[in-house]
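*Asks:* this is the structure alone, sequence omitted:
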């Protein structure tokens, strides 16, 4: 008898994590255009855990209900999103199959940064001043009313795509043109995706994210990650440290702020990745995702505590009991990303030396011949170095030391 399938929506590199799936037990749902452009039929061929690849336009309205009525007897054990754009579909599909999930109304709020601001602000969660805008003139009006730098960003995209810090009204027309023309290539379907734009006051202060495993609105596990950005007008992550080395009072404020977000949006069960900027000692909400975080943060968490994060997550999504999870980390981990100005990779050196450093456990770099665009989003970075150490400070120093050994030459 075949096991109940685990239904995964949206492709990422799941191959290293296949031990979480029973043999012949994974069903992957992905957009037909993405299947074609990423050759997922070939990528997943021969994977013994794979039961079926279902091509489905899951990002369209009512697509989850259409899917359920097409496959009413599928009987999955879990429905989980692996990419940002899959969150609403997975939440609604979990409801239709009678499984735990974030909730479809919640997923709609999480996928729209402007809606998230309105809902959480009404609940008393600190947010920056912001407004949805439909053209450059409205951006300039906001800048006139809010002196200082502003952030212009799509409210319904991912990976910092199109996000820019503006200091002068003279920058608005160019920034607007880029913001509404974001292109994710093979990662999204070919049909047009409407862009909604948000402008908000640029906050200044250290940045953190809070990751929680949640059952019926109650956090079962919490981690705080410290985040750093590349310098410049593109707020792209340069690195993460787990756990964040913060005073107990700030840790409490970040945890309680994230719990307040859960309550405000009515989150059910799943995982939350909530980002904050601490300005004048007060955490202000940046955005919140109802999926596993990217940038290798789950791996950093699993090594630091340690915890089998994926197993606990899938247990929650099945409705199974979850054993007690650790409250504090046993050690520290970090990732340091690399970036260049754009061009074709001509040479890469220093990788072996970086990998030889005690505590460095993974180095991933662009290959010679690859075309690298200028740094505008997370997709444009040229490499990543993952490390572990006894303390957050030691992990950060080790990651920076390893990064200094690597040279990537572009032309």
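*Replies:* That came in fine, so what should we check first? Bear in mind the structure is a predicted one, so any value in this text is a computation, not a measurement. Residues are numbered from 1 along each chain as shown.

*Asks:* so what strands line up beside the strand or helix carrying residue 271?
*Replies:* Assigned by DSSP states H and E, residue 271 belongs to strand 270-279. Next to strand 270-279 in the sheet, as set by DSSP bridges, lie strand 207-215 (antiparallel), strand 282-289 (antiparallel).

*Asks:* export these to a markdown table and tack on mean pLDDT and mean neighbour count?
*Replies:* In this view, the C-beta of every residue, glycine as well, is placed from N, C-alpha and C. As requested, the strands paired with strand 270-279 are exported to a markdown table (pLDDT from 0 to 100; neighbours: other CB atoms under 10 Å):
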| stretch | mean pLDDT | mean neighbour count |
| --- | --- | --- |
| strand 207-215 | 98 | 23 |
| strand 282-289 | 96 | 20 |
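
*Asks:* need the ones you listed in TSV (columns: distance to residue 154).
*Replies:* Converted to TSV, the strands paired with strand 270-279 look like this (distance: least, CB to CB, whole Å):
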stretch	distance to residue 154
strand 207-215	19
strand 282-289	11
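
*Asks:* for residue 400, find the nearest of the ones you listed.
*Replies:* strand 207-215 (17.4 Å; CB to CB).

*Asks:* how about low-confidence regions in the stretch 201-350 of the chain?
*Replies:* Of all residues in the stretch 201-350 of the chain, none has pLDDT under 70.

*Asks:* and the helices in this protein?
*Replies:* 32-37, 40-44, 63-70, 87-96, 104-110, 113-122, 136-145, 172-179, 248-265, 297-304, 309-318, 351-356, 392-404 (DSSP state H).

*Asks:* need the winner for burial among those helices.
*Replies:* helix 87-96 (a mean of 26; mean count of other CB atoms under 10 Å).

*Asks:* quick one, that one and helix 63-70 angle?
*Replies:* Here the directions of helix 87-96 and helix 63-70 differ by 40 degrees (axes from the mean of the first three to the mean of the last three CA atoms, to 10 degrees).

*Asks:* tell me the helices and strands packed up against helix 87-96.
*Replies:* strand 6-9, helix 63-70, strand 78-81, helix 104-110 (3 or more CB pairs under 8 Å, 6 or more residues apart in numbering; DSSP states H and E).

*Asks:* buried stuff in the top strand by length along the chain?
*Replies:* Secondary structure of the chain per DSSP state E: the longest strand is strand 218-229. For strand 218-229, a neighbour-count test (16 or more other CB atoms under 10 Å) marks 219, 220, 221, 222, 223, 224, 225, 226, 227, 228 as buried.

*Asks:* just the endpoints, please. Distance across stretch 260-276?
*Replies:* End-to-end distance of stretch 260-276 (CA to CA, to the nearest Å): 13 Å.

*Asks:* ok, stretch 24-40 next?
*Replies:* Stretch 24-40: ends 17 Å apart by CA to CA.

*Asks:* contacts for it, please.
*Replies:* Contacts to stretch 24-40, defined as CB atoms under 8 Å, 6 or more residues apart in numbering, come from residues 2-11, 14, 18, 41, 44, 47-59, 67, 74, 76, 86, 89, 185-191.

*Asks:* report the contact partners of residue 215.
*Replies:* Applying CB under 8 Å, 6+ apart, we find residue 215 in contact with 100, 269, 316, 322.

*Asks:* so the nearest residue to residue 410 once chain neighbours are set aside bridges to which residues?
*Replies:* Spatially, and ignoring its direct neighbours in sequence, residue 410 is nearest to residue 343 (3.4 Å; CB to CB, 6 or more residues apart in numbering). Beta-bridge pairing of residue 343 under DSSP bridges involves residue 372.

*Asks:* and residue 343, what does it touch?
*Replies:* Contacts of residue 343 by CB under 8 Å, 6+ apart are 371, 372, 410, 411.

*Asks:* again, only using 7 Å
*Replies:* Residue 343 makes contacts with 372, 410, 411, as judged by CB atoms under 7 Å, 6 or more residues apart in numbering.

*Asks:* and the gap between the last one and residue 349?
*Replies:* Think residue 411. According to CB to CB, to the nearest Å, residue 411 stands 15 Å off from residue 349.

*Asks:* okay, these two: which has more neighbours?
*Replies:* Between residue 411 and residue 349, counted using other CB atoms under 10 Å, the more crowded position is residue 349 (12 against 7).

*Asks:* that one contacts residue 407, correct?
*Replies:* Yes: counting by CB atoms under 7 Å, residue 349 does reach residue 407; the two are 4.9 Å apart.

*Asks:* the residue nearest to residue 386 when sequence neighbours are not counted: neighbouring residues, count only.
*Replies:* Of all residues not flanking residue 386 in the chain, residue 362 sits nearest, at 4.1 Å (CB to CB, 6+ apart). Neighbours of residue 362 under the rule other CB under 10 Å: 12.

*Asks:* how deep is residue 61 tucked in, by neighbour count?
*Replies:* When neighbours are counted by other CB under 10 Å, residue 61 registers 8.

*Asks:* for the closest residue to residue 282 other than its chain neighbours, phi and psi?
*Replies:* Nearest residue to residue 282 in three dimensions, chain neighbours excluded: residue 126, at 5.6 Å (CB to CB, 6+ apart). Backbone geometry at residue 126, expressed as degrees, to the nearest 10, gives phi -60, psi 130.
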